[in-house]
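Peer 1: Below: sequence and its predicted model.
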Amino acid sequence: MSDPRQHLDRDSLGAGGGLLASRADRPARLGGGHDGDRRRRPIVAPGDAAEQARQVLENVRTALERAGARLEHVVRTRMYVRNVGDWEAVGRVHGEYFGAIRPASTMVEVSGLVDPQMLVEIEVDAYVTG
């Protein structure tokens, strides 16, 4: 019996160390989406949580497409921010991508992320029907 999970490694996604997508049958889960890989390029927009969120969500879009899904398939997002004061800026960018889709969403403040310049990290769960 073959394994129904499709694991997309970080390099094939072009998101560096940021995204790891796995797909088991129809769900697609992306964990740990951030804005880049320091080994390949610096963190996008240091000090600007909104621009980092925008880059993260572009990376998410690319990873979803490579897993056979689209933003419209996202049913849940989890946003981790270093400073809860950035909630409006990050939420506004989230709304640009998901305003019409309206997935269940959570935002929490964390004490740190992998790189001290990272201000936001986003996870998504998508479910492809049909």
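Peer 2: That came through, no problem.
Peer 1: buried set for the one helix or strand residue 122 maps to?
Peer 2: Assigned by DSSP states H and E, residue 122 belongs to strand 120-127. Using 16 or more other Cβ atoms under 10 Å as the test for burial, strand 120-127 gives 120, 121, 122, 123, 124, 125, 126. Every residue, glycine included, has its C-beta placed from N, CA and C.
Peer 1: What residues are recorded as beta-bridge partners of the second one?
Peer 2: In other words, residue 121. Counting by DSSP bridges, residue 121 forms beta bridges with residue 80.
Peer 1: Residue 60 against residue 122, yeah?
Peer 2: Yes. Between residue 60 and residue 122 there is a contact under Cβ atoms under 8 Å: 6.5 Å.
Peer 1: Show me what the longest helix anywhere in the chain packs onto, helices and strands only.
Peer 2: The longest helix of the chain (DSSP state H) is helix 49-66. With contacts taken as 3 or more Cβ pairs under 8 Å, 6 or more residues apart in numbering; DSSP states H and E, helix 49-66 sits against helix 10-13, strand 20-24, strand 27-33, strand 74-81, helix 87-98, strand 120-127.
Peer 1: buried set for that helix?
Peer 2: 49-57, 59-61, 63-64, 66.
Peer 1: Poorly predicted segments of this protein, please.
Peer 2: Within the chain, the stretches with pLDDT under 70 are 1-41, 130.
Peer 1: Compute the inter-axis angle for the longest helix of the chain and strand 74-81.
Peer 2: 150 degrees (axes from the mean of the first three to the mean of the last three Cα atoms, to 10 degrees).
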